[in-house]
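Asker: Kindly return the folded structure for what I paste below:
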Amino acid sequence: MTPSFSPDWLNKLSDPYAVLGISIVADDRRVLKRYRSVAKILHPDSYGATDPAIAELATQMFARLVSPAYQTVKQEKGRTEAVAMLRFKVRKLVRESALVPQSEAARELMRKPVQEADVFYEQAIAKLAEVQYQPLDHFETITQQISELNLVYLQLKMGDVFFTEKRQGVVAVSPEIPSPSVNPSANSEFVQPDYARRHYERSQEYVKREEWTQAISELKDAVKMQPNKAEYHALLGYSYLRQKMMGMAKAHIRRALELNPQDPLASNLAPKLKLDGSVPSGSPSTSKPPSKEEKRGGLFGIFRRQS
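Answerer: Numbers count the residues shown, from 1 in each chain. Below you'll find the model as predicted:
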């Protein structure tokens with residue numbers, strides 16, 4: 001494979017999501033993770049001195065395709081604009097009856113009910129991404145297949161011609177019809193995922209398995225996205241405590257108590273960390289008996305048993 005990098009060739013690969021091998025609903029973390037993975041694959045050192053032509057091709061692909069694609073979608077504003085451009089392309093293709101996918105994956109996605117499209121789409125993208133750059137000969141074909149998946153997915157989410165964009169995702173909506181009892185969320189085909197919550201929930205699984213490094217990694221991402229969640233700071237503090245990182249544990253437990261003096265986990269750990277005085281005076285947590293939910297255990301019970 002020896003691409004000319006001509007304007008026409010580059011134009012065929014103008015979808016930054018397809019170039020990177022990610023879905024159009026990828027968040028900052030997923031974009032960065034994939035970019036680093038591709039950068040590692042395309043690094044000249046990966047090819048050594050055995051095939052300088054391939055190493056040069058990889059360098060050119062990274063500089064002229066991968067890096068510009070990453071710069072486009074690494075921030076939310078860029079992702080919003082990129083999806084808007086793809087959306088415009090879908091409209092044009094639909095008007096011209098030209099949205100006829102060639103790949104089997106895109107054709108199958110087109111046949112899926114809207115409610116089943118998300119899972120199939122994400123799985124199809126992930127499968128193609130595994131072989132997108134290995135070997136480099138696959139790149140053009142695989143990237144075009146991912147681009148087709150993106151267009152078909154957008155068409156499904158857009159419905160007819162009534163749609164709106166919400167952050168990185170696309171929300172299909174119905175034409176405005178006066179109705180006093182309609183719940184707006186019920187008409188949405190796509191809801192922006194709460195990525196911080198997903199990190200938190202994954203961290204809970206790691207905590208149950210006592211995999212503290214992974215738990216801390218997930219919780220740091222959660223706190224970065226939503227820094228004012230007491231439960232996130234509390235669990236992060238607990239994880240640091242189990243790693244005997246006392247300074248970090250104290251900092252996050254103290255922050256959790258500032259955000260919510262009644263947080264059960266933080267309140268339980270505060271005496272062990274000698275943070276009793278950090279709870280604001282007059283706080284209900286200093287005298288309030290445990291709630292029924294705390295007595296039942298739940299996730300808090302897991303921590304209590306492990307502490």
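Asker: Next, count neighbours for Lys112.
Answerer: Burial of Lys112, expressed as a neighbour count using other Cβ atoms under 10 Å, amounts to 16. Heads up, the C-betas are built off the backbone N, CA and C, glycines and all.
Asker: typo on my end, Gln204
Answerer: Applying other Cβ under 10 Å, we find 14 residues neighbouring Gln204.
Asker: secondary structure class for it?
Answerer: Taking DSSP: H, G, I helix; E, B strand; the rest coil as the rule, one finds Gln204 in the helix state.
Asker: Any figure for the gap between Ser147 and Glu201?
Answerer: In this view, Ser147 and Glu201 are 32 Å apart by Cβ to Cβ, to the nearest Å.
Asker: Those two: which is more packed in?
Answerer: When neighbours are counted by other Cβ under 10 Å, Ser147 and Glu201 differ, and Ser147 comes out ahead with 22 against 12.
Asker: Leaving out the residues flanking it, which one is nearest to that one?
Answerer: Sequence neighbours aside, Ala18 is the residue nearest to Ser147 in space, at 3.9 Å (criterion: Cβ to Cβ, 6 or more residues apart in numbering).
Asker: I'd say the one you found and Glu140 touch.
Answerer: No: between Ala18 and Glu140 there is no contact under Cβ atoms under 8 Å: 10.6 Å.
Asker: neighbour count winner among the two?
Answerer: A direct count of neighbours by other Cβ under 10 Å for Ala18 and Glu140 places Ala18 higher, at 27 against 15.
Asker: and that one, that's in a strand?
Answerer: No: secondary structure of Ala18 (three-state DSSP): helix, not part of a strand.
Asker: And the strands in this structure?
Answerer: Per DSSP state E, the chain has strands spanning 163-166, 169-172. These are given in chain order.
Asker: okay but Tyr133 is in contact with Ile41, surely?
Answerer: Yes: distance between Tyr133 and Ile41: 4.7 Å, which falls inside the contact criterion (Cβ under 8 Å).
Asker: tell me the domain ranges of this protein?
Answerer: Recorded structural domains for the chain (assignment: automatic domain parsing) are 7-174, 195-306.
Asker: Is it possible to get a markdown table of those domains that adds mean pLDDT?
Answerer: Output for the domains of the chain, formatted as a markdown table (pLDDT from 0 to 100):
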| stretch | mean pLDDT |
| --- | --- |
| domain 7-174 | 84 |
| domain 195-306 | 77 |
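Asker: The residue lying closest to Asn260 once chain neighbours are set aside - how many residues pack around it?
Answerer: The spatial neighbour of Asn260 that comes closest, neighbours along the chain excluded (Cβ to Cβ, 6+ apart), is Ala230 at 3.6 Å. Taking other Cβ under 10 Å as the neighbour definition, Ala230 ends up with a count of 20.
Asker: Likewise for Thr213?
Answerer: As a burial measure, the neighbour count of Thr213 was computed by other Cβ under 10 Å and equals 9.
Asker: Could you tell me how far it is located from Ser37?
Answerer: Distance of Thr213 to Ser37, given as Cβ to Cβ: 20 Å.
Asker: Okay then, goodbye and thanks.
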